[in-house]
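Peer 1: got a structure for you, letters missing:
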């Protein structure tokens, strides 16, 4: 008996939404705990892949915010919660779900999802595609947890039919952890073309923005030191911090640092926002001061689409999208003086705000659209399915 809980995928009349029979069904196994960059990718794929011949369903192993915040409400969503990172009991339920719903392919997105997805797909007799959104071995400052997650992912993914890396940097990481080169496919992240975009540079006080699930690797401490340095030079700017904190402990640490540096009154904390495009319209510059652990940040692409110049650190896939001096500015990670200097160059007019804005927007349209991302993923699916026949 199928025991996974179907949460939705019904139309307004209460009947199950029906896709054309020609669509091939793919089950995406995800965490579902947050709604951040990786979840935005998953959501957009569910919206765009039907145009490429594939219908997406979701199975969440840590269901939370994704269910309520996703735009792809038409996609089936199942709750197959794991009680711990090594809990394999949901794999049997997933295998039954795959057979009953006739999913032709499993697509996993996290180490947890890869673990249960590997066994579920094996028992159901369907191939697996795994998505690398960031380097799992360098995802946080908790080295033991990162090592365990990376080891679990490496075991589960070693037999995957294909591994999708969102950047060339992540493709190199995949090779380093032992994934065969002929199974690695680079499909860059993509975002929709913005409905509105910034056309004018700021006239008076500048609003700097940082959008993230705030945790140590996001570099908030470095950004605070840079902001303090700017104010010390008489270059005032406000920081709009958009997003939740990973933990209450980290929130207390960060806000205490802002008080010690004397910049707390220059920071607006908004918390989580489900409308990033609207938030971007309030910013003059997006700052991405990450220390490590980025694949190809969705918020950076969304800022480019909205015509908001980006100042980011040279980590992993960031320089593959953002060309220094053309589409934005790049600085070394962990270097507060360099970050402050880059912000000051833009505020003082040494760097042309309008030129960065226009170039970034054009580059997003040409290279990082949601349509091109979905087309790339669909091409991987077709190759995997042809090989499995």
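Peer 2: Noted; the coordinates are in hand. Quantities reported herein were computed from a predicted structural model and do not represent experimental measurements.

Peer 1: relative to residue 321, how far out is residue 300?
Peer 2: Using CB to CB, to the nearest Å, one gets 7 Å for the distance from residue 300 to residue 321. (Each C-beta comes from the backbone N, C-alpha and C, glycine too.)

Peer 1: neighbour-wise, which of these two wins?
Peer 2: Set side by side, residue 300 and residue 321 show more neighbours around residue 300, with 29 against 23, by other CB atoms under 10 Å.

Peer 1: tell me the buried residues in whichever strand or helix holds that one?
Peer 2: Element membership for residue 300 (DSSP states H and E) is helix 298-305. For helix 298-305, a neighbour-count test (16 or more other CB atoms under 10 Å) marks 298-305 as buried.

Peer 1: quick one: residues in contact with it.
Peer 2: 37, 40-41, 189-194, 197, 211-212, 276-277, 280, 283, 286, 288, 309-310, 312, 318, 321-322, 327-328, 360-361, 363-365, 368 (CB atoms under 8 Å, 6 or more residues apart in numbering).

Peer 1: before we move on, the earlier item: now, among the buried residues of helix 298-305, which is nearest to residue 260?
Peer 2: Of all these, residue 260 sits closest to residue 299, with 27.4 Å by CB to CB.

Peer 1: for the chain, give me the ranges with low pLDDT.
Peer 2: Counting by pLDDT under 70, the chain has low-confidence residues at 1-21, 140, 196, 198-203.

Peer 1: max-length helix in it?
Peer 2: helix 370-388 (DSSP state H).

Peer 1: and that helix, what does it pack against?
Peer 2: When contacts are defined as 3 or more CB pairs under 8 Å, 6 or more residues apart in numbering; DSSP states H and E, helix 370-388 sits against strand 24-30, helix 37-48, strand 105-108, strand 128-132, strand 162-165.

Peer 1: just the angle for the next helix or strand after the third one relative to strand 24-30, thanks.
Peer 2: Think strand 105-108. Later in the chain than strand 105-108, the nearest helix or strand by DSSP H and E is helix 111-124. Angle, helix 111-124 to strand 24-30, by axes from the mean of the first three to the mean of the last three CA atoms, to 10 degrees: 140 degrees.

Peer 1: where's residue 223, which helix or strand?
Peer 2: Per DSSP H and E: helix 220-232 holds residue 223.

Peer 1: how does the protein divide into domains?
Peer 2: Taking automatic domain parsing as the reference, the chain has its domains at 5-189+369-388, 206-367.

Peer 1: state the distance from residue 277 to residue 194.
Peer 2: According to CB to CB, residue 277 and residue 194 sit 6 Å apart.
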